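1. 3D, please:
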Amino acid sequence: MQRLTLLFALFLFPLTTLADEAQWKNFLQEETLLIAHVDLSKIDITKFLQSNKTLVEAFAKTLPGEGVMTDVRQIAAAAELGKMYLTTTLGIQEAYFVVNLRMSTTNFAVILPQNGKIKVETLKAALAPIQPDPWLEITSSRDNKFVVVLPRYFRTRDDIITDEERYLLVDRIILATPLDRPDFAEAFKAVESAPVKVAAALPGFVRKVVKETDPKLPSPFHELDIATPISELRWLALGIDPGASKAYFSAMMTSDAAASNVEQILQKLITFGVANVPDFDIPTSPYFGRQDLKENLIKNTDRICALLIPKPEGKNLVLRWEQSQLNEMFEMAAPVLEVITKKEVDRLERIPCANKMKALGLAFHNYADVKGNLTFPPPFSVDESGKPLHSWRVLVLPYLDQADLYKQIRLDEPWDSEHNKQFHDKMPAIFRCPACTQGNPKRDTTYCMVVGDETIGVPDGKGVTIPKITDGTSNTILLVERKTPVCWMAPMDVLQEHAYLGVNKHESGIGSEHVGGVTVNFADGSVLFLKETVELKLLKAVLTKAGGETVDRRGFLE
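-> Okay, the predicted model is just below:
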């Protein structure tokens with residue numbers, strides 16, 4: 001709970017916040033896009049939760065799963081513990097969130113003012129279990145006034161970052177002589193009384209580029225002029241007072257006409273978008289489905305516009321939310337949140353399976369590298385007469401850190417020989433999908449190849465070379481899940497003719513216990529979720545290795 005609260009504070013709170021001039025001016029440059037700040041000492045979490053008791057408890061009940069707290073007193077107590085962990089254990093009193101276009105691969109950073117209380121090593125230790133790769137770089141400014149948290153997705157986990165490299169990264173965010181930006185100063189002033197603030201402004205060169213390139217929204221909104229309002233936007237500001245359940249939004253344009261134009265564009269976007277809402281790809285629930293979502297949005301179009309579209313006040317566009325508006329927003333959003341939350345939980349539950357699939361795909365590529373000729377393992381090995389001996393799952397063991405197990409198996413004997421039977425119940429955990437409840441968890445797997453002459457799983461005991469995958473490795477499925485599990489050593493997978501029937505259509509075909517589809521691994525190593533609603537023509541296209549089809553993966557993969 002504490003670690004989740006830490007991430008929430010560092011990466012969600014700062015997205016909706018800001019601070020005093022003396023601090024935020026340190027981060028101003030021409031390329032600065034957004035600066036935000038939260039002062040934890042000024043946020044009364046308990047007061048906010050108690051004043052929104054009905055809303056908070058109703059929202060908590062939309063969350064799936066057992067053990068979810070639904071009593072506001074429990075939620076408030078947990079939130080206060082999280083706040084105490086941040087402020088006392090870690091010494092974080094406030095945090096900034098800065099977005100700067102000057103940073104090429106790392107466009108944002110979390111900045112913690114060093115008040116002498118921040119425990120950097122404790123912070124690193126707290127984040128370590130959450131980011132095992134790790135994906136964050138925690139460092140300090142040259143003058144030790146700030147602790148800076150940067151994403152590390154631009155480096156591999158084995159890279160060693162020197163102190164000088166760290167300082168250079170921080171120097172891209174915190175300059176010794178910050179730039180004077182009147183637009184940010186005006187934005188901060190607009191929400192200066194709010195304990196939680198955010199300010200954003202487009203750099204001059206960005207507004208110029210937008211005006212000259214005249215970007216268009218995708219159809220059916222392509223006729224709307226968005227270049228003019230964007231190029232005429234001076235700044236945006238948002239102030240939030242959680243304890244009083246109030247929020248204030250303000251956007252300053254260059255003229256009264258520009259402000260009025262933005263209101264009209266937003267009105268058209270919402271009205272037309274709601275009226276033509278597509279079939280959202282969301283799971284249905286016993287209480288709320290796709291058609292219900294459409295009807296709910298259309299019925300509440302006027303209310304949505306009133307709650308989300310700021311009103312012109314001269315050059316300014318202003319929107320104010322108080323308790324009544326928050327209650328109204330939740331009333332409309334509650335059924336939608338229920339469905340969206342369910343979808344997100346389903347996605348999170350698929351992550352362990354996807355990680356295992358990714359490791360198996362990597363083992364295939366390592367096998368191909370070591371064996372030479374870029375040859376993937378066959379679905380099963382064969383003896384001199386062509387009789388199947390062992391599954392591909394046995395063949396890739398050395399590439400899954402299972403070399404000792406591999407050496408004990410007699411590869412010249414069938415998988416179910418008297419000697420090899422002793423290993424049936426010693427299946428490595430990587431072959432077991434966490435969602436699978438069928439079969440013996442010590443021996444049965446659902447991770448399979450699709451076996452057939454048209455697929456990568458050609459049953460000749462030799463294995464397909466990557467150049468033979470002429471449809472492209474990113475368009476051809478390598479591994480799937482099987483609806484019913486099989487012994488991990490058995491030369492049994494999913495037959496091509498069964499796979500072509502669809503997802504969850506045949507007991508021995510493609511299928512899983514995941515909600516709405518199966519996890520699949522493509523030959524390029526990417527892991528995606530194949531929806532059970534996939535058309536058979538598209539399914540066959542991504543299963544065949546040389547069918548010559550043009551595949552648009554949108555709509556049936558995620």
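
2. and the chain, what are its domains?
-> Taking automatic domain parsing as the criterion, the chain consists of the domains 1-180, 203-321, 348-543.

3. what would these look like in JSON lines with mean pLDDT?
-> Formatted as JSON lines, these follow (pLDDT from 0 to 100):
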{"stretch": "domain 1-180", "mean pLDDT": "72"}
{"stretch": "domain 203-321", "mean pLDDT": "82"}
{"stretch": "domain 348-543", "mean pLDDT": "93"}
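
4. and of those domains, who's closest to Asp552?
-> Nearest to Asp552 among the domains of the chain is domain 348-543 (8.2 Å), distances taken as Cβ to Cβ. Heads up, the C-betas are built off the backbone N, CA and C, glycines and all.

5. sorry, back to before: winner for burial among the domains of the chain?
-> domain 348-543 (a mean of 19; mean count of other Cβ atoms under 10 Å).

6. quick check: next helix or strand after the longest strand anywhere in the chain?
-> Longest strand of the chain, by residue count under DSSP state E: strand 477-487. Downstream of strand 477-487, the first helix or strand assigned by DSSP states H and E is strand 494-495.

7. picking that back up, rebuild the domains of the chain as CSV, extending it with distance to Met329.
-> Listed next are those as CSV, based on distance: least, Cβ to Cβ, whole Å:
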stretch, distance to Met329
domain 1-180, 9
domain 203-321, 6
domain 348-543, 25
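
8. between those, which one is nearest to Glu186?
-> Of all these, domain 203-321 comes closest under Cβ to Cβ, at 5.9 Å.

9. on the three-state scheme, the residue of the chain positioned farthest from its centre is what?
-> What lies farthest from the middle of the chain is Ser385; by Cα atoms, centre = their mean that is 49.3 Å. Per DSSP: H, G, I helix; E, B strand; the rest coil, the local secondary structure of Ser385 is coil.

10. for Ser193, find the nearest of the domains of the chain.
-> Across those, Ser193 has its closest neighbour in domain 203-321 (7.2 Å, Cβ to Cβ).

11. next, the distance between the ends of that closest one.
-> Start and end residues of domain 203-321 are separated by 28 Å (Cα to Cα, to the nearest Å).

12. then stretch 417-434?
-> Terminal residues of stretch 417-434 lie 29 Å apart, using Cα to Cα.

13. same thing with stretch 165-177?
-> Note: stretch 165-177 ends 20 Å apart using Cα to Cα.

14. ok now it, how far from the chain's centre?
-> Its chain's C-alpha centre lies 28 Å from the corresponding centre of stretch 165-177 when counted by Cα atoms, centre = their mean, to the nearest Å.

15. Val450 and Leu501 touch, don't they?
-> No: counting by Cβ atoms under 8 Å, Val450 does not reach Leu501; the two are 11.7 Å apart.

16. quick one: the residue farthest from the centre of the chain from Pro414, how far?
-> Note on Ser385: its distance to Pro414, by Cβ to Cβ, to the nearest Å, is 12 Å.

17. kindly report the same for Ser41.
-> Applying Cβ to Cβ, the value for Ser41 to Pro414 is 70 Å.

18. His37 against Trp24, yeah?
-> Yes: counting by Cβ under 8 Å, His37 sits close enough to Trp24 to count as a contact (6.6 Å).

19. so Pro312: helix, strand or coil?
-> Secondary structure, three-state DSSP: Pro312 is strand.

20. what's the helix or strand for the closest residue to it other than its chain neighbours?
-> Nearest residue to Pro312 in three dimensions, chain neighbours excluded: Ala259, at 4.2 Å (Cβ to Cβ, 6 or more residues apart in numbering). Assessed by DSSP H and E, Ala259 sits inside helix 256-275.

21. elements contacting the lengthiest helix in the chain?
-> Taking DSSP state H as the criterion, the chain has its longest helix at helix 323-371. The contact analysis (3 or more Cβ pairs under 8 Å, 6 or more residues apart in numbering; DSSP states H and E) places helix 323-371 against helix 53-62, helix 290-299, helix 301-308, strand 444-448, strand 477-487, strand 517-522, strand 527-531.

22. so how far is it from its chain's centroid?
-> Its chain's C-alpha centre and that of helix 323-371 lie 7 Å apart, by Cα atoms, centre = their mean.

23. can you give the contact residues for the helix or strand that that helix is followed by?
-> Using DSSP H and E, the next helix or strand after helix 323-371 towards the C-terminus is strand 380-382. Strand 380-382 is contacted from outside by 388-392, 394-395, 411, 459-461, 491, 493, using Cβ atoms under 8 Å, 6 or more residues apart in numbering.

24. now, those that are in helices?
-> Trp392, Val394, Leu395.

25. dig out what Thr32 forms beta bridges with.
-> Asn100 (DSSP bridges).

26. need the distance between the two termini of stretch 434-454.
-> 30 Å.

27. cool, stretch 111-124 as well?
-> End-to-end distance for stretch 111-124, by Cα to Cα: 14 Å.

28. out of the domains of the chain, the one nearest Asn327 is which?
-> domain 1-180 (6.1 Å).

29. about what we covered before: nearest to Pro310 among the contacts of strand 380-382?
-> Of all those, Asp493 has the smallest distance to Pro310: 57.4 Å, by Cβ to Cβ.

30. what sits against the residue lying closest to the closest one once chain neighbours are set aside?
-> Closest residue to Asp493 apart from its sequence neighbours, by Cβ to Cβ, 6+ apart: Cys448 at 3.9 Å. By Cβ under 8 Å, 6+ apart, the residues touching Cys448 are Leu479, Val480, Glu481, Arg482, Val486, Met492, Asp493, Val494.
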